[in-house]
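Colleague: Give me a 3D structure for the following:
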Amino acid sequence: MTDYKKLLLSKDFLSGIIFTAIAVGLLWEARGYAMGSLLRMGPGFFPAIIGSLLALIGIAVIVKAILEGAQERPALAPVPALLISLALLAFAFTLQRAGLIVATLLLVSITRFAMRPFNLIGTVVLSFVLVLLSLVVFGYFLRLPLKLWP
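Modeller: The predicted structure follows:
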């Protein structure tokens, strides 16, 4: 395989392309909303800022890939990818019914099974920290009307 083909299939180059593509999508979507100003931000302000930052990161990763040369892509691990997808779906389907605390515990528990070796103490600590952080951010600061318990 030639060097440029190896570069185009490298993990950094592909990651940069994905970041940049998502950024373009965010910026495209944000253009339909009012931007506002720094003091009175409109609904398009946050997606535009995030899209711009993500585009910069994507471009930086692409440039890094070009300057450092091609690195081989690691093989896709189907079981961890499936477990992480399952964890996200479980969170989405249990948030309304079981509440934020149970959904977050479920998300962390299923996701941690994707890691080898499984660490029970680390899972408990991470679960506690993420539940506490979720309660503070979404409950206290953002005051979202989320159900906490079933």
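
Colleague: all helices for the chain, in order.
Modeller: All helices of the chain, identified by DSSP state H, fall at 3-8, 11-30, 45-68, 78-98, 100-112, 120-134.

Colleague: buried stuff in the longest one?
Modeller: By that I understand helix 45-68. 45, 47, 48, 51, 54, 55, 58, 61, 62, 65 (16 or more other C-beta atoms under 10 Å). All C-beta atoms are positioned from the backbone trio N, CA, C, and that covers glycine.

Colleague: Could you do stretch 80-90 as well?
Modeller: Counting neighbours by 16+ other C-beta under 10 Å, stretch 80-90 gives 83, 86, 87, 90 as buried.

Colleague: if I pick the closest residue to the third one other than its chain neighbours, what's in contact with it?
Modeller: Using C-beta to C-beta, 6 or more residues apart in numbering and skipping the chain neighbours, the partner closest in space to residue 87 is residue 110 (3.7 Å). Contact criterion C-beta atoms under 8 Å, 6 or more residues apart in numbering gives 83, 86, 87, 90 as the residues in contact with residue 110.

Colleague: List just the nearest of those residues to residue 36.
Modeller: Ranked by distance to residue 36 (C-beta to C-beta), the contacts of residue 110 are led by residue 87 at 35.4 Å.

Colleague: Surely the closest one touches residue 106?
Modeller: Yes - using C-beta atoms under 8 Å, residue 87 is in contact with residue 106, at 7.3 Å.

Colleague: Next one, pLDDT for residue 101 please.
Modeller: pLDDT, residue 101: 92.

Colleague: How many residues are close by it?
Modeller: 18 (other C-beta atoms under 10 Å).

Colleague: Please report the distance of it from residue 22.
Modeller: Distance of residue 101 to residue 22, given as C-beta to C-beta, to the nearest Å: 30 Å.

Colleague: In CSV: the contacts of residue 110, plus distance to residue 12.
Modeller: Formatted as CSV, these follow (distance: C-beta to C-beta, whole Å):
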residue, distance to residue 12
83, 25
86, 28
87, 26
90, 31
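
Colleague: separation between residue 66 and residue 57?
Modeller: In terms of C-beta to C-beta, residue 66 sits 15 Å off from residue 57.

Colleague: scratch that, residue 86 is what I was asking about
Modeller: Distance of residue 86 to residue 57, given as C-beta to C-beta: 28 Å.

Colleague: cool, residue 130 as well?
Modeller: Taking C-beta to C-beta, one finds residue 130 at 24 Å from residue 57.
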